[in-house]
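**Student:** Sequence and predicted structure are below.
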Amino acid sequence: MRVIAGEWKGQRLSTPAGRTIRPTADQVRTALMDTLAPWLPGARFLDLFAGAGGVGIEALSRGAAEAVFVEIDPIALAPLKENLSRLGAGGRGRVLRREVAQAIEAFSQSGEGFRLIFLDPPYGSALAAETLKRLGDGALLEADGVVIAQHLTKEPLPERFGSLVRWKSRRFGETTLTFFRRGE
């Protein structure tokens, strides 16, 4: 896997070998970043279920000011930290080894906000809907922000989660990106 565009274009990213971690495909990352281009410059980006960090690193490469990576799997954490170190991400990339639900609670309590929140939980689990419900109060999302869920196409997400309303969806075979913004 490589960084597709921006500051680190072409740089190879480490991924865990022989694991069930599924890096986001280049075609999906490209479409995601193209859609998010207006929001990326200077953004705080939250990468939930980050794996080796390909999506958050792509956001940093394309102009995000900071990316926070939340991952619990120690096998995924090693390549994530290696990628950030090798790219010289410095203070722009912060890694939290926590369950996503605990991280969301901690961010809410500390008043941290993000313009972009991406989640790519394990396919076939209920974690996408559970996480979107937690994010539905809008406490972590900046007023003009976007939440993006990557999920199996055959497991569509509801139109609304609290204050989050589906804005658009992009399908890539078995994978779909569903975008949410704050509704009225």
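**Tutor:** Here it is on my side, so go on.
**Student:** what separates Gly138 from Gln102, distance-wise?
**Tutor:** According to CB to CB, to the nearest Å, Gly138 and Gln102 sit 19 Å apart. The C-beta positions use only the backbone N, C-alpha and C, and glycine is treated the same way.
**Student:** quick one: which of those two has more around it?
**Tutor:** For Gly138 versus Gln102, neighbours defined as other CB atoms under 10 Å are more numerous around Gly138 (19 against 12).
**Student:** Now do the buried residues in the helix ranked longest in the chain.
**Tutor:** Counting by DSSP state H, the longest helix found in the chain is helix 74-87. Residues of helix 74-87 classed as buried by neighbour count (16 or more other CB atoms under 10 Å): Ala76, Leu77, Pro79, Leu80, Lys81, Asn83, Leu84, Leu87.
**Student:** Ok, stretch 119-136 next?
**Tutor:** So for stretch 119-136, counting by 16+ other CB under 10 Å, buried means Leu119, Asp120, Pro121, Tyr123, Leu127, Ala128, Ala129, Thr131, Leu132, Arg134, Leu135, Gly136.
**Student:** now stretch 174-184
**Tutor:** Judged by neighbour count using 16+ other CB under 10 Å, the buried positions of stretch 174-184 are Thr175, Thr176, Leu177, Thr178, Phe179, Phe180, Arg181, Arg182.
**Student:** can you tell me which residues contact the closest residue to the last one other than its chain neighbours?
**Tutor:** Spatially, and ignoring its direct neighbours in sequence, Arg182 is nearest to Ser163 (5.2 Å; CB to CB, 6 or more residues apart in numbering). Taking CB atoms under 8 Å, 6 or more residues apart in numbering as the definition of contact, the neighbours of Ser163 are Gly136, Asp137, Gly138, Arg182, Gly183.
**Student:** what's near enough to touch the nearest residue to Gly42 once chain neighbours are set aside?
**Tutor:** In space, and not counting its chain neighbours, Gly42 is closest to Ala65: 4.8 Å by CB to CB, 6+ apart. Applying CB under 8 Å, 6+ apart, one finds that Ala65 lies in contact with Gly42, Ala43, Arg44, Arg92.
**Student:** same question, Ala106
**Tutor:** Each residue near Ala106 by CB under 8 Å, 6+ apart is listed here: Arg98.
**Student:** how close does it sit to Val147?
**Tutor:** Plainly put, Ala106 is 18 Å away from Val147 if you go by CB to CB.
**Student:** check contacts around Gly113.
**Tutor:** Shown in contact with Gly113 (CB under 8 Å, 6+ apart): Arg44, Ala139, Leu140, Leu141, Glu142, Gly145.
**Student:** repeat that with 7 Å
**Tutor:** Arg44, Leu140, Leu141, Glu142 (CB atoms under 7 Å, 6 or more residues apart in numbering).
**Student:** before we move on, the earlier item: show me which of the contacts of Ser163 has the smallest pLDDT value.
**Tutor:** Taken together, these show their lowest pLDDT at Gly138, with 78.
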